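Q: structural data only, the sequence is not supplied:
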């Protein structure tokens with residue numbers, strides 16, 4: 001039943017994205033040109049009503065009452081209003097307006113019939129392409145993740161909660177968002193937006209095993225309803241809604257740290273790492289987009305195109321990032337690479353931030369120096385000098401940061417090399433069984449096989465001397481078999497199962513194991529020889545002690561040795 005409900009929700013979400021895309025094209029290429037030809041612009045208010053702006057009075061908003069004396073319905077929608085303006089006869093259109101303080105005003109707007117400026121058209125096309133492509137990317141990723149979660153984990157209630165939430169989220173962000181606004185924020189939008197927020201809040205609280213941790217979060221089943229309704233109200237400050245919405249999601253996400261500390265090392269910890277990485281990165285990007293919104297002036301003529309596009313791209317990129325970590329976590333795809341991916345991403349972010357700060361600071365500093373020395377501004381020179389300085393520090397900074405992360409979070413090859421250097425020491429003090437057990441423990445930590453075993457060759461047979469998650473060398477789970485060979489010949493066999501996240505080993509992991517094999521084989525040979533000599537010596541000592549005991553006890557005459 002739930003899968004059927006998800007299917008309908010998914011289809012409706014796809015329809016919303018398609019219709020929203022069609023609306024975005026119509027608005028850009030059919031509606032706005034009509035307003036621009038009359039030197040007008042418009043804004044959509046929170047209640048879906050339209051405010052008119054005029055280029056002659058850019059700081060004021062007006063309510064449109066009539067066009068050429070014909071009354072305009074206060075609930076008119078943008079497509080219909082554009083048709084009314086387009087069909088108005090004559091080169092001049094008379095608009096009856098009402099100001100914010102209730103005063104009446106009449107404007108005579110002359111229609112501009114000249115062809116559009118090619119450069120302006122090109123800039124508009126670039127802006128629209130960036131907006132629509134980033135928006136469709138975010139919607140596409142959300143829908144894809146929803147589909148894969150529902151298909152791959154149909155019996156997992158947590159996965160279904162996220163599948164529903166992602167489908168609803170895709171139906172309420174841009175480009176569908178602009179369509180919902182244009183048609184007055186209908187009840188359908190309110191229900192969908194409240195629904196996905198509530199489901200996402202609960203799903204994050206019970207991820208990954210369906211249990212609320214801490215237990216107090218069970219109250220989210222009730223409190224989440226109030227939060228979902230609050231963030232969907234139209235008459236509440238949007239800034240407060242964003243703060244409450246993102247803050248509550250981050251608060252629930254932060255509780256995963258409690259769950260993480262309580263869990264032993266394993267799949268569930270890796271799931272939490274991936275999900276936390278995706279959601280934290282996505283919410284931070286969305287938060288940055290909303291933080292930039294106050295920097296955009298209400299007057300379209302004063303707005304900066306770069307800041308506008310940064311807001312759009314940060315929001316869409318954040319929405320696209322949200323589900324990716326969770327998808328990896330719940331479909332168990334390369335879970336064990338979480339540490340490497342996360343630390344590398346953080347390292348590159350540090351490098352980028354450092355270079356950006358140095359470039360900005362050096363540009364201003366060089367500009368001041370040029371002004372003092374040359375006596376005039378040279379923006380191009382300052383920019384060039386700043387770029388040279390930034391390039392000069394990029395490579396050393398990158399090497400320093402990445403070198404530290406590689407040392408702190410080394411890859412399989414680095415960790416295996418450290419183990420190989422300790423093998424000879426173990427061989428002189430430990431039994432072959434202990435050496436093999438330690439080797440399997442390290443292999444499990446580095447490449448995470450579902451099962452592993454080491455078989456040692458003896459004079460007459462083969463002996464299983466160490467195993468993890470298996471009791472037999474003939475276990476069909478052990479699919480990878482690698483001969484343990486050193487300079488003197490074969491010693492035994494290392495057998496590995498599939499990765500515990502059911503994926504294939506990557507090239508670096510296999511290289512790490514092959515690099516360990518010669519040291520492991522040599523250590524096993526030395527340990528076996530050393531242990532054999534010690535065993536023989538101990539046996540002789542035991543026999544000597546037994547004979548001495550018999551002599552001291554006056555027993556039977558011992559047989560000659």
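A: Good, I have the coordinates. Computed from a predicted structure; not experimentally measured.
Q: show me the shaky parts of the stretch 451-561 of the chain.
A: 533-539, 553-561 (pLDDT under 70).
Q: do a quick rundown of the strands in it.
A: 452-457, 462-468, 480-486, 489-496 (DSSP state E, counting those that start in this stretch).
Q: looking at those strands, which is buried most?
A: Highest mean neighbour count among the strands of the stretch 451-561 of the chain (mean count of other CB atoms under 10 Å): strand 452-457, with a mean of 23. Using the backbone N, CA and C atoms, a C-beta is placed for each residue, glycine as well.
Q: helices or strands up against that strand?
A: Helices and strands touching strand 452-457, by 3 or more CB pairs under 8 Å, 6 or more residues apart in numbering; DSSP states H and E, are helix 432-447, strand 462-468, strand 489-496, helix 507-552.
Q: now distance to residue 285 too, for these, in a markdown table please.
A: Listed next are the helices and strands packed on strand 452-457 as a markdown table, based on distance: least, CB to CB, whole Å:
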| stretch | distance to residue 285 |
| --- | --- |
| helix 432-447 | 32 |
| strand 462-468 | 41 |
| strand 489-496 | 39 |
| helix 507-552 | 30 |
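Q: out of these, which is closest to residue 21?
A: When these are compared by CB to CB, helix 507-552 sits nearest residue 21, at 40.7 Å.
Q: just checking, what packs against the closest one?
A: helix 412-429, helix 432-447, strand 452-457, strand 480-486, strand 489-496.
Q: quick one, it and strand 452-457 angle?
A: Relative orientation of helix 507-552 versus strand 452-457 (axes from the mean of the first three to the mean of the last three CA atoms, to 10 degrees): 50 degrees.
Q: and helix 507-552, how far out from the chain's middle?
A: Taking the mean of its C-alpha atoms, helix 507-552 sits 50 Å from the chain's own mean (CA atoms, centre = their mean, to the nearest Å).
Q: one more: stretch 438-453?
A: That offset, for stretch 438-453, works out to 28 Å (CA atoms, centre = their mean).
Q: and the contacts of it?
A: 336, 412, 415-416, 419, 423, 426, 430, 454, 464, 466-470, 473, 475, 477-478, 480, 494-502, 505, 509, 512-513, 516, 520, 523 (CB atoms under 8 Å, 6 or more residues apart in numbering).
Q: repeat that for 7 Å
A: By CB atoms under 7 Å, 6 or more residues apart in numbering, the residues outside stretch 438-453 that reach it are 336, 412, 415-416, 419, 426, 454, 464, 466-470, 473, 475, 477-478, 495-500, 505, 509, 512-513, 520.
Q: go ahead and list the helix or strand containing residue 105.
A: strand 104-110 (DSSP states H and E).
Q: any chance of the helices and strands packed on helix 507-552 in a markdown table, plus distance to residue 99?
A: Formatted as a markdown table, these follow (distance: least, CB to CB, whole Å):
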| stretch | distance to residue 99 |
| --- | --- |
| helix 412-429 | 70 |
| helix 432-447 | 71 |
| strand 452-457 | 78 |
| strand 480-486 | 77 |
| strand 489-496 | 77 |
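Q: looking at the ones you listed, which is closest to residue 545?
A: So among those, helix 412-429 is nearest, using CB to CB, at 24.5 Å.
Q: and the closest one, what other elements does it pack with?
A: helix 432-447, helix 507-552 (3 or more CB pairs under 7 Å, 6 or more residues apart in numbering; DSSP states H and E).
Q: which of these sits closest to residue 290?
A: Residue 290 lies closest to helix 507-552 among the helices and strands packed on helix 412-429, at 39.6 Å (CB to CB).
Q: just to revisit the earlier point, buried residues of the following helix or strand past the strand holding residue 105, list them for me.
A: Downstream of strand 104-110, the first helix or strand assigned by DSSP H and E is helix 118-152. Within helix 118-152, the residues scored as buried using 16 or more other CB atoms under 10 Å are 124, 131-132, 134-136, 138-139, 141-143, 145-150.
Q: quick one: helix 118-152 to chain centroid distance?
A: On CA atoms, centre = their mean, the centre of helix 118-152 falls 17 Å from the chain's centre.
Q: and that helix, what other elements does it pack with?
A: helix 2-26, helix 157-170, helix 305-331.
Q: what average pLDDT does the longest one get?
A: Spelled out, it's helix 305-331. The average pLDDT for helix 305-331 rounds to 86.
Q: could you tell me the angle between it and helix 118-152?
A: Going by the same axes, to 10 degrees, helix 305-331 makes 10 degrees with helix 118-152.
Q: what does the shortest one give?
A: Here the directions of helix 157-170 and helix 118-152 differ by 160 degrees (the same axes, to 10 degrees).
Q: give the buried residues for the following helix or strand past helix 157-170.
A: Remark: after helix 157-170, the chain's next helix or strand is helix 176-182, criterion DSSP H and E. Judged by neighbour count (16+ other CB under 10 Å), helix 176-182 contains these buried residues: 176-182.
Q: now for these, which pair is the farthest apart?
A: Most distant of the buried residues of helix 176-182, by CB to CB, are 176 and 182, 10.6 Å apart.
Q: most centrally placed residue in the protein?
A: Of all residues in the chain, the one closest to the mean position by CA atoms, centre = their mean is residue 278, 2.5 Å from it.
Q: that one and residue 326 touch, don't they?
A: Yes: using CB atoms under 7 Å, residue 278 is in contact with residue 326, at 5.6 Å.
Q: how near is the residue lying closest to residue 28 once chain neighbours are set aside to residue 116?
A: Nearest non-adjacent residue to residue 28, counting by CB to CB, 6 or more residues apart in numbering: residue 128, 5.0 Å away. As judged by CB to CB, to the nearest Å, residue 128 and residue 116 stand 14 Å apart.
Q: for residue 452, same thing?
A: Counting by CB to CB - residue 452 and residue 116 are separated by 69 Å.
Q: likewise residue 131?
A: Residue 131 is 19 Å from residue 116, by CB to CB.
Q: on that earlier part again, residue 233 is nearest to which of the helices and strands packed on strand 452-457?
A: Here helix 432-447 is closest among those (CB to CB), at 50.6 Å.
Q: would you mind finding the most buried of the helices and strands packed on helix 118-152?
A: helix 157-170 (a mean of 25).
Q: that one to helix 2-26, inter-axis angle?
A: Going by the same axes, to 10 degrees, helix 157-170 makes 20 degrees with helix 2-26.
Q: tell me what helix 157-170 is packed against?
A: Using 3+ CB pairs under 7 Å, 6+ apart, helix 157-170 is in contact with helix 2-26, helix 118-152, helix 187-206, helix 305-331.
Q: give me the number of residues near residue 80?
A: Other residues near residue 80 number 11, with proximity taken as other CB atoms under 10 Å.
Q: so where does it fall, helix or strand?
A: Using DSSP H and E, residue 80 falls in helix 78-87.
Q: quick one: buried residues of the helix or strand following that helix?
A: Sequence order places strand 92-98 as the next helix or strand after helix 78-87, per DSSP H and E. Going by neighbour count (16+ other CB under 10 Å), the buried part of strand 92-98 is 93, 95-97.
Q: so what touches strand 92-98?
A: Outside strand 92-98, the residues that touch it by CB under 7 Å, 6+ apart are 38, 52, 62-68, 85, 104-111.
Q: so how far is residue 442 from the nearest residue to residue 55 once chain neighbours are set aside?
A: The shortest distance from residue 55 to any non-neighbouring residue, by CB to CB, 6+ apart, is to residue 39 (4.2 Å). The gap separating residue 39 from residue 442 is 73 Å, by CB to CB.
Q: low-confidence regions, this protein specifically.
A: Using pLDDT under 70, the chain drops low at 46-48, 297-304, 338-415, 417, 533-539, 553-561.
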